[in-house]
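In: A structural model of the following input is requested.
(one chain, ligands or ions: 2)
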Amino acid sequence: MALERLGSSLYDAIRKVFRAPLIDEATVKELVHDIQKALLQSDVNVKIVLEISKRIEERALKENVPPGVSRREHIIKVVYEELTRFLGDKPVPIRFEPGKRKIIMLVGIQGSGKTTNGAKIARYFQKRGVKPALICADTFRPGAYAQLQQLANRINVPIYGNPAAKDPFKVVNEGLKQFTDKDIVIVDTSGRHKEEQELIKEMKMLEKSIKPDEVMLVIDGTIGQQALAQAKAFNEATPIGSILVTKLDGSARGGGALSAVAATGAPIKFIGTGEKVEDIEAFIPSRFVGRLLGMGDLETLLDKVREAEVKIPEKKAKAILSGKFTLTDMYAQFEAMKGMGTFKKLLKMLPGMSYKIPEEMLNTAEGRLEKWRVMIQSMTPQERENPKIFNSSRMKRVARGSGTNEKEVKELLKQYVMMRRMLKTLRRKKKLPFFGKGMPFNIDKA
Ligand SMILES: Nc1nc2c(ncn2[C@@H]2O[C@H](COP(=O)(O)OP(=O)(O)O)[C@@H](O)[C@H]2O)c(=O)[nH]1
Ligand SMILES: [Mg+2]
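Out: Ligands and ions are numbered 1, 2, ... in the order given. This next block holds a predicted model:
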């Protein structure tokens, strides 16, 4: 499925956020840039791309992160929500009431996939205990009836049509008379060309005489963002109730078609993902985005982020155990702790705490976590990796960048040295409560 390519580039983009040792403005900017690239490659309209990326960037950088949620989780949530939003609202499902037959009329230009997808929809409902029937109202194209009949026979769905008929209204009316006991009747219409006024006229008249419960526009997903013009033209002729986007399996432009169509405001109800009669799915934007990103719904996605957050690669954990504990690691600790309650509470949760951490340090850690995070964010990568290089002018710069003062930066560095020393002591004593399962450092395998 070609949408997988869009999915995998989006997934790569957010995975960088999972893995980044630290979340700062540069991380967000890079994420936004990656998302832009992925969407543009999928033929999403530039204006829409800019809109999405602006919203993601603004929310990721400016929105307050609710308590108990890490900045990382928040950013992923923002991406998920904004991508879902641009694919439209959740479509209202077709509701069936006993004794009340629904009529769905399929419209769209020739070759968009009306006939094939008419059969797909019939099968979709049949599988869900709804009794469907098909009517062929395409009296224009020779062989139209035979095509639908073949599909209908394959799925055992009753069909009405007349290959010799010239008048689609008559055919539909006769068909509707036959199918009074059905729950849903799907009417396949002729397509001809999109420019042809005749088609639009026929569609309008059919709609007036059949009075379908829903007019469903079938659009070929391979045309990318051009889908917007087509959807608009149809919508002007007959108000469209819903949209079905086909051929999303073969096209790299699927993202463009979906987003363009969503922009019309008509809900996308189904997507076609192949030539076979079972290649159809109900379209639910949030679920679709989850799958596009390679992982179910938002909760599953956040679980993955949380997992990534508390896990430090084995190699890294070993390095820390051997005494290499950098400011980047310290920052990662702070980030991980944020989602798990305060430092103090965390330490209290640890079983068998037989050593003492100075009370003062606990309080400092609690009260100044946020300040420290900002200070570390203002450092250069070299400073984070090798805090020894700090001199007075570097400290001044960090203080300025983080809205603190030199004394506070000094204090952070002192805390850092203390933490590092403590880790070394723990290592010597072979007591490593910090590194248990589910704790910020996870070195199960080390
Ligand atoms: N790959 C792919 N092909 C499709 C899909 N839907 C329809 N088609 C193909 O598109 C062509 C035109 O379909 P058809 O139903 O005859 O279009 P109509 O003229 O609108 O009735 C046929 O060859 C179908 O097999 C889809 O979701 N994926
Ligand atoms: Mg057809």
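
In: surely Gln41 meets Leu6?
Out: Yes - if you go by Cβ atoms under 8 Å, Gln41 and Leu6 touch, sitting 7.2 Å apart. In this view, the C-beta of every residue, glycine as well, is placed from N, C-alpha and C.

In: ok, those two, which is more surrounded?
Out: Just comparing Gln41 and Leu6: by other Cβ atoms under 10 Å the higher neighbour count belongs to Leu6, 23 against 15.

In: residues contacting the more buried one?
Out: Going by Cβ atoms under 8 Å, 6 or more residues apart in numbering, Leu6 touches 38-39, 41-42, 252, 254-255, 292.

In: likewise for Ser378?
Out: Contacts of Ser378 by Cβ under 8 Å, 6+ apart are 397-398, 401-402.

In: if we can go back for a sec, for PyMOL, what selects the buried ones among the contacts of Leu6?
Out: Buried members of the contacts of Leu6, defined by 16 or more other Cβ atoms under 10 Å, are picked up in PyMOL with:
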select buried, resi 38+39+42+254+255+292
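
In: and the contacts of Leu6, which is closest to ligand 1?
Out: Gly254 (10.4 Å; Cβ to the nearest ligand atom).

In: around ligand 1, pick out the residues from this structure.
Out: 108, 110-117, 191, 246-247, 249-250, 272-275, 279 (Cβ under 6 Å from any ligand atom).

In: let's see which of those end up in helices.
Out: By the criterion of DSSP state H, membership of the residues of the chain next to ligand 1 in helices covers 114-117.

In: okay, and the beta partners of the one residue in the chain that gets nearest to ligand 1?
Out: Closest residue of the chain to ligand 1, Cβ to the nearest ligand atom: Gly272 (2.8 Å). With DSSP bridges applied, Gly272 shows beta-bridge pairing to Ile280.

In: so what sits against both of Gln41 and Leu6?
Out: Common neighbours of Gln41 and Leu6 (criterion: Cβ under 8 Å, 6+ apart): Ala252.

In: quick check: pLDDT value at Cys136.
Out: Cys136 carries a pLDDT value of 97.

In: picking that back up, can you list the ones in helices among the residues of the chain next to ligand 1 in CSV and add pLDDT and neighbour count?
Out: Below are those laid out as CSV (pLDDT from 0 to 100; neighbours: other Cβ atoms under 10 Å):
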residue, pLDDT, neighbour count
Lys114, 96, 28
Thr115, 97, 25
Thr116, 97, 23
Asn117, 98, 28
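
In: near ligand 2, which of those residues show up?
Out: For ligand 2, the contacts drawn from those by Cβ under 5 Å from the ion are 114-115.

In: neighbours around the residue of the chain closest to ligand 1, how many?
Out: 24.

In: residues contacting it?
Out: Gly272 touches 113, 116-117, 120, 221, 244-249, 279-280, counting by Cβ under 8 Å, 6+ apart.

In: repeat for Asp220
Out: Applying Cβ under 8 Å, 6+ apart, the residues contacting Asp220 are 108-109, 111-113, 227, 246-247, 257.

In: relative to Gly241, how far out is it?
Out: Distance from Asp220 to Gly241, counting by Cβ to Cβ, to the nearest Å: 19 Å.

In: then Thr273?
Out: Applying Cβ to Cβ to Thr273 and Gly241 gives a distance of 22 Å.

In: looking only at neighbour counts, state which of the two leads.
Out: Shown here are Thr273 and Gly241; by other Cβ under 10 Å, Thr273 has more neighbours (22 against 19).

In: which of the contacts of Ser378 fall within helices?
Out: Checking those against DSSP H, those in helices are 397-398, 401-402.

In: quick check: PyMOL command selecting the buried ones in these.
Out: To isolate the buried members of these in PyMOL, using 16+ other Cβ under 10 Å:
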select buried, resi 397+398+402
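
In: find the helix or strand that the residue nearest to the spatial centre of the chain is a member of.
Out: Central residue of the chain (Cα atoms, centre = their mean): Val289, 2.6 Å from the mean position. Using DSSP states H and E, Val289 sits within helix 285-292.

In: now tell me what touches that helix from outside.
Out: Taking Cβ under 8 Å, 6+ apart as the rule, helix 285-292 contacts 3, 6-7, 10-11, 80, 83-85, 87-90, 262, 268, 271, 296-298, 300-301.

In: for Val187, see how far away Glu236 is.
Out: Applying Cβ to Cβ to Glu236 and Val187 gives a distance of 21 Å.

In: more neighbours, the two?
Out: Val187 (28 against 10).

In: ok but the more buried one is inside a helix, no?
Out: No - read with DSSP: H, G, I helix; E, B strand; the rest coil, Val187 is strand and lies in no helix.

In: residues in contact with it?
Out: 103-106, 118, 135, 137, 172, 175, 206, 210, 212.

In: equivalent analysis for Arg59, please.
Out: Arg59 neighbours (Cβ under 8 Å, 6+ apart): 78, 82.

In: what helix or strand does it sit in?
Out: helix 46-62.

In: and the longest helix for the protein?
Out: Per DSSP H, the chain has its longest helix at helix 406-429.

In: now it, how far from the centre of its chain.
Out: Mean-position distance between helix 406-429 and its chain equals 41 Å (Cα atoms, centre = their mean, to the nearest Å).

In: how about the strands in the protein?
Out: Ranges of strands within the chain are 102-107, 132-137, 159-160, 184-189, 214-220, 242-246, 268-272, 280-282, based on DSSP state E.

In: nearest to ligand 2: which residue in the stretch 201-350 of the chain?
Out: Nearest residue of the stretch 201-350 of the chain to ligand 2 (Cβ to the ion) works out as Val218 at 9.2 Å.

In: that residue pairs with what?
Out: Going by DSSP bridges, Val218 forms beta bridges with Leu244.

In: and it, what pLDDT?
Out: On the pLDDT scale, Val218 gets 95.

In: which ones are touching it?
Out: 106-108, 112-114, 117, 243-244, 246.
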